[in-house]
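1. what's the 3D shape of this:
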Amino acid sequence: MAGRGRLAALTILLALIGGHVCAAPEVVVLQGATTFATTVAVPHAKQVEAETNLSLDVVPNKSSFGLLALLEKKADLAMLSTSLAYEVDFLRQSKPDLPFDRLQAFEIARTRAAFVVHPGNPVRHASLDDIRRILIGEITNWKALGGPDLPVRVVAVRQGGGVLGTVEARLLGPGHITAPDVIRVQVGTQVVKVVAQELGTLGITQLSIVKTSGSVELATDAPIEQVLSLVSFGEPTPQAVAVIDAMRRAAASGR
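-> Next up, the predicted model:
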């Protein structure tokens, strides 16, 4: 009898609340550029979730990895920190048959790339043309910039990263780094770690990493701006549109 009483009470309770159980928020997966993740997605995730009643799953790796995850339906939106055209050109080299023409990019915010040097390197300023000449191997020693008699070694992520793509597109056009003995790492946070240990290195990374790591930035005569975008496969779903709009508002407000 006691069991029947509890069952009756539960039935009445469900009737009073309309028989509905509150469901967990729908999850929207964002995968791709660490620059986008650290600059926009992670800092503004709670605000976006509150506005959209959606849950964000942010997976930072690389712009190219984000596009592949999107095309493989493992992500709802890809995070980019360079142009969609650059990443598509890169991916087409190894995966020419993927439906890249169905990708749509939505600009969310802008930031800039950064160059870092070892704290013991007295060189603190270089022109973008100096940087370009380093990247193509025309300048190979810090003496050319008034620094120590040391070889310049570029530290950069592997191809497919948004920061590297932006820098190459701005300084090298369709070309890529051809400097000797480039040190390649997997992610931007590793760039500053290598530079902190190697006196003659020049690192290419994202501004947010420089700020949080306390690395020494090499000032340039002009900024290299990065466009941060979310990319959908085909027309974005209503959930994706809600995230895109909320992320734009959050980034614009700076909150």
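2. which residues touch the closest residue to residue 136 other than its chain neighbours?
-> Leaving aside its sequence neighbours, residue 136 sits nearest to residue 178 (Cβ to Cβ, 6 or more residues apart in numbering; 5.3 Å). The C-beta positions use only the backbone N, C-alpha and C, and glycine is treated the same way. For residue 178, the contact set (Cβ atoms under 8 Å, 6 or more residues apart in numbering) comprises 135, 136, 137.
3. Counting neighbours, what do you get for the last one?
-> In this case it means residue 137. 15 (other Cβ atoms under 10 Å).
4. Am I right that it sits in a helix?
-> No: read with DSSP: H, G, I helix; E, B strand; the rest coil, residue 137 is coil and lies in no helix.
5. Hmm, residue 180 and it touching each other?
-> Yes: counting by Cβ atoms under 8 Å, residue 180 is a contact partner of residue 137 at 5.9 Å.
6. elements contacting whichever strand or helix holds residue 60?
-> For residue 60, the enclosing helix or strand under DSSP states H and E is strand 54-61. On a contact count with 3 or more Cβ pairs under 8 Å, 6 or more residues apart in numbering; DSSP states H and E, strand 54-61 meets strand 26-33, helix 34-36, helix 45-52, helix 238-253.
7. can you tell which of these is closest to residue 195?
-> helix 34-36 (16.7 Å; Cβ to Cβ).
8. tell me what that closest one is packed against?
-> strand 54-61, helix 162-172, helix 188-197, strand 225-233.
9. Tell me which of those lies nearest to residue 88.
-> Between the helices and strands packed on helix 34-36, strand 225-233 lies closest to residue 88; by Cβ to Cβ that is 10.0 Å.
10. my guess is residue 195 meets residue 201, correct?
-> Yes: using Cβ under 8 Å, residue 195 is in contact with residue 201, at 4.6 Å.
11. Beta-bridge partners for the most centrally placed residue in the chain, please?
-> Residue closest to the average C-alpha location in the chain (Cα atoms, centre = their mean): residue 33, at 2.4 Å. With DSSP bridges as the criterion, residue 33 is bridged to residue 61.
12. how close does it sit to residue 113?
-> Look at residue 33 and residue 113: by Cβ to Cβ, to the nearest Å, they are 12 Å apart.
13. ditto for residue 145
-> 19 Å.
14. Ok, residue 69 next?
-> From residue 69 to residue 113 the distance is 23 Å (Cβ to Cβ).
15. Then residue 137?
-> For residue 137, the distance to residue 113 - Cβ to Cβ - is 20 Å.
16. try residue 226
-> Taken as Cβ to Cβ, the span from residue 226 to residue 113 is 6 Å.
17. more neighbours, the two?
-> Shown here are residue 226 and residue 113; by other Cβ under 10 Å, residue 226 has more neighbours (28 against 25).
18. That one against residue 110, yeah?
-> Yes: when contacts are counted by Cβ under 8 Å, residue 226 is listed as touching residue 110 (6.6 Å).
19. In the top strand by length along the chain, which of the residues would be classed as buried?
-> Ranked by residue count under DSSP state E, the longest strand found in the chain is strand 103-117. Residues of strand 103-117 classed as buried by neighbour count (16 or more other Cβ atoms under 10 Å): 103, 105, 106, 108, 109, 111, 113, 114, 115, 116, 117.
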